[in-house]
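Visitor: Pasting the sequence and the predicted coordinates here, then a few questions.
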Amino acid sequence: MQSGIKKFDKWVVEFITEDPSKNPLMGWESSTDTYSELNLEFRSKDLAIDYAKKNNIDFEVVEPKKRRITKKSYADNFIK
């Protein structure tokens, strides 16, 4: 099975949680920082960078890895 490429043209701004803690009742990791639940999507890298600069947000750009697509066929399972 090969992964699709439907949403790979978006750039995402993710906020990093500064103080994750353990919920005493359930034992889950939780935080009082609501930014940890927020992901912003942009059409281009430049729009994402402009947004971060305009709102004084420290950011780090993580470039996507170059995808190498190997064409596969269902019939290849039976050739060997």
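Guide: Received, thanks.
Visitor: Off-centre distance for the helix or strand hosting residue 49?
Guide: Assigned by DSSP states H and E, residue 49 belongs to helix 45-54. Distance of helix 45-54 from the chain centroid (Cα atoms, centre = their mean, to the nearest Å) equals 16 Å.
Visitor: List the buried residues of the next helix or strand after it.
Guide: Downstream of helix 45-54, the next assigned helix or strand under DSSP H and E is helix 76-79. The neighbour-count check on helix 76-79 (16 or more other Cβ atoms under 10 Å) flags nothing as buried. C-betas here are computed from N, CA, C, even on glycine.
Visitor: 612 is where my numbering starts, stick with that
Guide: Let's use 612 as the start, then, which means that last one is helix 687-690.
Visitor: Can you name every helix or strand that the helix holding residue 660 contacts?
Guide: With contacts taken as 3 or more Cβ pairs under 8 Å, 6 or more residues apart in numbering; DSSP states H and E, helix 656-665 sits against strand 622-625, strand 650-653.
Visitor: Give me the residue ranges of the protein where confidence is low.
Guide: 612-618, 691 (pLDDT under 70).
Visitor: will you turn the helices and strands packed on helix 656-665 into a markdown table that also has distance to residue 644?
Guide: Shown next, in a markdown table, are the helices and strands packed on helix 656-665 (distance: least, Cβ to Cβ, whole Å):
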| stretch | distance to residue 644 |
| --- | --- |
| strand 622-625 | 13 |
| strand 650-653 | 14 |
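Visitor: could you turn the helix holding residue 660 into CSV, dropping everything but the C-alphas?
Guide: Provided in CSV are the C-alpha atoms of helix 656-665 (Å, rounded to 0.1, in the frame of the first residue of the first chain):
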residue,chain,number,x,y,z
LYS,A,656,5.5,28.5,3.5
ASP,A,657,5.8,32.3,3.0
LEU,A,658,2.3,32.8,4.4
ALA,A,659,3.1,30.7,7.5
ILE,A,660,6.3,32.6,8.1
ASP,A,661,4.6,36.0,7.6
TYR,A,662,1.9,35.0,10.1
ALA,A,663,4.5,34.0,12.7
LYS,A,664,6.5,37.2,12.2
LYS,A,665,3.4,39.4,12.4
